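Chemist: need a structure here:
(chains A and B)
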Amino acid sequence: IAGITQAPTSQILAAGRRMTLRCTQDMRHNAMYWYRQDLGLGLRLIHYSNTAGTTGKGEVPDGYSVSRANTDDFPLTLASAVPSQTSVYFCASSVVYPGDTQYFGPGTRLTVL
Amino acid sequence: GESVGLHLPTLSVQEGDNSIINCAYSNSASDYFIWYKQESGKGPQFIIDIRSNMDKRQGQRVTVLLNKTVKHLSLQIAATQPGDSAVYFCAENIGDGGSQGNLIFGKGTKLSVKP
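Modeler: From the prediction side, this is the model:
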């Protein structure tokens, strides 16, 4: 069982380009989440999905979109990247929503120039 | 808004000693708490959790204590090892099923273990 996988591991992106970060889990968890982690700011929730077919906005959703077509996949898209989106992005999942332990992927380090 | 905070941003301990990492929370409605460990370049890893109807929970070499009176959470690591060196986060669930993903994370405490 792989748990949660994320791709790519790292990426350097020119400002204005479109980018999709991929996240896949094989634990059949109902809920999935996207966070960004910045030095001094901790983990901040971007978007979440409590079950396939539904999504919701987190603390910092602007400039990001998500979709949840099935249980396993939860891609995060930056429609037009800006330098302030330079960060480490973590995907997470939990069995149920809310009030359950979240398990994290290895992260994607994104640099927007 | 309410947030989870940490008393000590850095902690340095001698190998073999016990470590105590503290966390203060301010939301009295929080009903579930989790400790995560994050090693450099990796994602947060679940360590142990505790629900608000408990005061103490033990795992392998780790113990979490919850004091609801003073809204304080601590993680105790017994016989600290070099492999315990990492950043430790506490997280709380505010329990209202709200739209913010329900987990609020602290900023983290960096634990350094001296050989």
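
Chemist: need the residues of chain A near chain B, please.
Modeler: A:4, A:33, A:40-43, A:45, A:48, A:56-59, A:90, A:97-99, A:101-107 (Cβ under 8 Å from any Cβ of the partner chain). Heads up, the C-betas are built off the backbone N, CA and C, glycines and all.

Chemist: can you select the buried ones from these in ChimeraX?
Modeler: Here is the ChimeraX selection string for the buried members of those, based on 16 or more other Cβ atoms under 10 Å in any protein chain shown:
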select /A:4,33,42,43,45,48,56,57,58,59,90,97,98,99,101,102,103,104,105,107
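
Chemist: which ones among the residues of chain A next to chain B lie within strands?
Modeler: Per DSSP state E, strands hold the following members of the residues of chain A next to chain B: A:4, A:33, A:42-43, A:45, A:48, A:56-57, A:90, A:103-104.

Chemist: mean confidence score for stretch B:34-41?
Modeler: On average, the pLDDT along stretch B:34-41 is 93.

Chemist: show me where pLDDT drops low in chain B?
Modeler: B:1-8, B:95-102 (pLDDT under 70).

Chemist: now do the strands in it.
Modeler: Under DSSP E, chain B gives strands at B:4-5, B:10-14, B:19-25, B:32-38, B:45-51, B:56-58, B:62-67, B:72-77, B:86-93, B:103-105, B:109-114.

Chemist: what would the ones you listed look like in JSON lines with distance to chain A and mean neighbour count?
Modeler: Formatted as JSON lines, those follow (distance: least, Cβ to the nearest Cβ, whole Å; neighbours: other Cβ atoms under 10 Å in any protein chain shown):
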{"stretch": "strand B:4-5", "distance to chain A": "9", "mean neighbour count": "18"}
{"stretch": "strand B:10-14", "distance to chain A": "13", "mean neighbour count": "13"}
{"stretch": "strand B:19-25", "distance to chain A": "12", "mean neighbour count": "20"}
{"stretch": "strand B:32-38", "distance to chain A": "5", "mean neighbour count": "23"}
{"stretch": "strand B:45-51", "distance to chain A": "6", "mean neighbour count": "16"}
{"stretch": "strand B:56-58", "distance to chain A": "13", "mean neighbour count": "13"}
{"stretch": "strand B:62-67", "distance to chain A": "13", "mean neighbour count": "18"}
{"stretch": "strand B:72-77", "distance to chain A": "15", "mean neighbour count": "20"}
{"stretch": "strand B:86-93", "distance to chain A": "5", "mean neighbour count": "24"}
{"stretch": "strand B:103-105", "distance to chain A": "4", "mean neighbour count": "23"}
{"stretch": "strand B:109-114", "distance to chain A": "11", "mean neighbour count": "17"}
